[in-house]
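Visitor: give me a 3D structure for the following:
(2 chains)
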Amino acid sequence: SQTIHQWPATLVQPVGSPLSLECTVEGTSNPNLYWYRQAAGRGLQLLFYSVGIGQISSEVPQNLSASRPQDRQFILSSKKLLLSDSGFYLCAWSHPQETQYFGPGTRLLVL
Amino acid sequence: GEDVEQSLFLSVREGDSSVINCTYTDSSSTYLYWYKQEPGAGLQLLTYIFSNMDMKQDQRLTVLLNKKDKHLSLRIADTQTGDSAIYFCAESKRGSTLGRLYFGRGTQLTVWP
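Guide: This next block holds a predicted model:
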């Protein structure tokens, strides 16, 4: 069966520091991968998606970037965090045109 | 406006039925989903319905789809305190090569003992 992991679970970072959040998927190959942010208003905002290694599409302009160095690894990064980057970051995977399955999330607090 | 809309809050008494409603705008939706999010956790897929279906039942969960009104509902029978969570409605759209989902803002369900 497939599983999706996110690391770390919780992170507290100062403003201006770099960020690296990791998402890995097991038990499947060539998945679509997604990064979402869930802010205080609880809605889910799609940040990035990827249909293959090295293929990243950004949904909204922002302070963040994403990379997919391996088939089942998706990384969310920032060079300098802003206060507004605080939130709950969710990674998800799917096969094309199929259901999305979510990871446990990373809670980021920028102080 | 939002593609998918939900009321933000719902409170019910334990043992009663809960009905969470959702409206969407795109008539080309293919699948419609319900996800559950418990505090501090990721989203858990509860159920989904294909757009050519009217109803789907899975144990205590019943999904009703009214395509004419673009209205989706999730009924939870015999609601328990463990059902307290945020419930998200989501749609996928025909023609989306990514299979992208469009989410509502979520309905916070509170179950009182």
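Visitor: show me the strands in chain B, by range?
Guide: Along chain B, counting by DSSP state E, strands occupy B:4-6, B:9-13, B:18-24, B:29-37, B:43-50, B:55-58, B:61-66, B:71-76, B:85-93, B:101-103, B:107-112.
Visitor: quick one: contacts for B:Asp83?
Guide: Going by CB atoms under 8 Å, 6 or more residues apart in numbering or on different chains, B:Asp83 touches B:18, B:76, B:109, B:111. For the C-beta atoms, the positions are set from N, CA and C on the backbone; glycine is no exception.
Visitor: so where's the chain uncertain?
Guide: Answering for chain A, as no chain was given. A:41-42 (pLDDT under 70).
Visitor: chain B was what I was after
Guide: Scanning chain B for pLDDT under 70 picks out the ranges B:1-2, B:94-99.
Visitor: neighbours around the residue lying closest to B:Leu61 once chain neighbours are set aside, how many?
Guide: Leaving aside its chain neighbours, B:Leu61 sits nearest to B:Thr47 (5.5 Å; criterion: CB to CB, 6 or more residues apart in numbering or on different chains). B:Thr47 has 17 neighbours, counted by other CB atoms under 10 Å in any protein chain shown.
Visitor: ok, B:Glu14 next?
Guide: Number of residues near B:Glu14 (other CB under 10 Å) recorded here: 14.
Visitor: correct me, but it touches B:Gly82?
Guide: No - applying CB atoms under 8 Å, one finds B:Glu14 not in contact with B:Gly82, separated by 9.8 Å.
Visitor: pull up the overlap in contacts between these two.
Guide: B:Val111.
Visitor: contacts only, for B:Glu5.
Guide: B:22-24, B:104-105.
Visitor: got the residues of chain A near chain B?
Guide: A:6, A:32, A:41-44, A:46, A:49, A:51, A:57, A:90, A:92, A:94-105, A:107 (CB under 8 Å from any CB of the partner chain).
Visitor: give me that answer again for 6 Å
Guide: Contact residues, chain A versus chain B (CB under 6 Å from any CB of the partner chain): A:42-44, A:49, A:90, A:94, A:96-97, A:100, A:102-105.
Visitor: in contact with A:Leu81, which residues?
Guide: A:13, A:15, A:17, A:19, A:110 (CB atoms under 6 Å, 6 or more residues apart in numbering or on different chains).
Visitor: I meant to write A:Leu64 there.
Guide: A:Ser78 are the contacts of A:Leu64 under CB under 6 Å, 6+ apart.
Visitor: could you check the distance from it over to chain B?
Guide: 18 Å (CB to the nearest CB, to the nearest Å).
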